[in-house]
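Undergrad: show me the folded form of this:
(one chain, ligands or ions: 1)
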Amino acid sequence: MSSSNPAPSTPQTPIAPVKIVLVYQSLLGIYGDRGNAVVCRERLTRRGIDAEMVVVEPGDELPTDGQLYLLGGGEDMAQISAMKAIREDGGLFTALGSGAVLFAVCAGYQICGNTFTVGDRDEVVEGLGLLDVDTRRGTERAVGEVLHRWNRPDGSASLLTGFENHGGYTTLGPKAAPLASVEVGVGNNGQGTEGAVQGRVIGTYPHGPVLSRNPELADHLLELALGRELEPLPMPELDELRAQRISHARTLSR
Ligand SMILES: NC(=O)CC[C@H](N)C(=O)O
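TA: Presented below is the predicted three-dimensional model:
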């Protein structure tokens, strides 16, 4: 074809970037779990997939068209405020009803449950009811490096590393399945399980941020959110860091 007679171009519908919504950093941002959103965005953009991170604060409307929503850890009273604001806003429920994925860490995990208590208070607070779990004060605060065996949906084995820091101990009801089993640490409640999965909602205790330490978990969330497999993204330096963390956790007798 000569350049004077170019083929007609087909109009392209622009594809909207994948929306990763980070919920209430001012309340649920004290453990650096914001990094989970950065990791998710980076793992998409490094594969050539357009992605944006939207940070929402109380008072701002939660978008209902996100693909992945992230909740982080926070202080006792802040988590009650966050739970109330999420419930009043309602947008997270709408998004989940449209197929979004929710990944919640520590305080974020607890508020997704049926009920929780905070600090020394006996008052039972009603949670968002997105996970069939209940949280009460544990015998002692769970603090330190953890190592868990992730129950991957395809049955393959994978280790999760991170650190936990929580006074609440969480018990799973029949609708929630554990995310992992504990090799080192307390996990949900010292009884050998860690985290919970119920449909497209996943809760877990480890910080780190946990998705920077566990890229396979990050990709699992992204694949769920996008509804397709992602190509591998090799990062040898991360493998090296993971190996160090895993062997260090195994030296700890907690
Ligand atoms: N790290 C956290 O988010 C703490 C959550 C909660 N306040 C607890 O201590 O159980």
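Undergrad: looking at the protein, which helix is longest?
TA: helix 236-251 (DSSP state H).
Undergrad: show me which parts of that helix are buried, residue by residue.
TA: Neighbour counts over helix 236-251 (16 or more other CB atoms under 10 Å) mark 242, 245-246, 249 as buried. Using the backbone N, CA and C atoms, a C-beta is placed for each residue, glycine as well.
Undergrad: also stretch 27-34?
TA: Buried-residue list, stretch 27-34, by 16+ other CB under 10 Å: 27-31, 33-34.
Undergrad: burial count for Thr117?
TA: 18 (other CB atoms under 10 Å).
Undergrad: surely it and Arg137 touch.
TA: Yes - with contact defined as CB atoms under 8 Å, Thr117 reaches Arg137; the gap is 6.0 Å.
Undergrad: list the residues that contact the residue in the chain positioned nearest to the ligand.
TA: Closest to the ligand within the chain is Gly73: 2.8 Å, counting by CB to the nearest ligand atom. By CB atoms under 8 Å, 6 or more residues apart in numbering, the contact set of Gly73 is 28, 30-31, 33, 105-108, 165-166, 207.
Undergrad: so which of those residues reach the ligand?
TA: Counting by CB under 6 Å from any ligand atom, 31, 106-107, 165-166 from those sit close to the ligand.
Undergrad: just the buried residues of the residues you listed.
TA: Among these, those buried by neighbour count (16+ other CB under 10 Å) are 31, 106-107, 166.
Undergrad: quick one: which of those sit in helices?
TA: Reading helices off these with DSSP H, I get Ala107.
Undergrad: now the buried ones among the ones next to the ligand among the contacts of Gly73 as a markdown table including pLDDT?
TA: What follows is those, written out as a markdown table (pLDDT from 0 to 100):
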| residue | pLDDT |
| --- | --- |
| Tyr31 | 95 |
| Cys106 | 98 |
| Ala107 | 98 |
| His166 | 97 |
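Undergrad: related to what we said a few turns ago, can you tell me which of the buried residues of helix 236-251 is closest to Val182?
TA: Ala249 (10.9 Å; CB to CB).
Undergrad: ok, that closest one - contacts?
TA: Counted by CB under 8 Å, 6+ apart, Ala249 has contacts 145-147, 161, 183-185.
Undergrad: between the residues you listed, which has the most around it?
TA: Val146 (28 neighbours).
Undergrad: that one belongs to a strand, doesn't it?
TA: Yes - membership of Val146 in a strand is supported by DSSP: H, G, I helix; E, B strand; the rest coil.
Undergrad: for it, name its beta-bridge partners.
TA: Beta-bridge pairing for Val146 (DSSP bridges): Gly162.
Undergrad: dump the residue contacts of it.
TA: 160-164, 182, 184-187, 194, 205-206, 249.
Undergrad: now with 6 Å?
TA: Contact partners of Val146, counting by CB atoms under 6 Å, 6 or more residues apart in numbering, are 162, 164, 184-185, 206.
Undergrad: kindly report the same for Arg47.
TA: Neighbours of Arg47 in contact, by CB under 6 Å, 6+ apart: none.
Undergrad: what distance do you get for it to Asn165?
TA: 32 Å (CB to CB, to the nearest Å).
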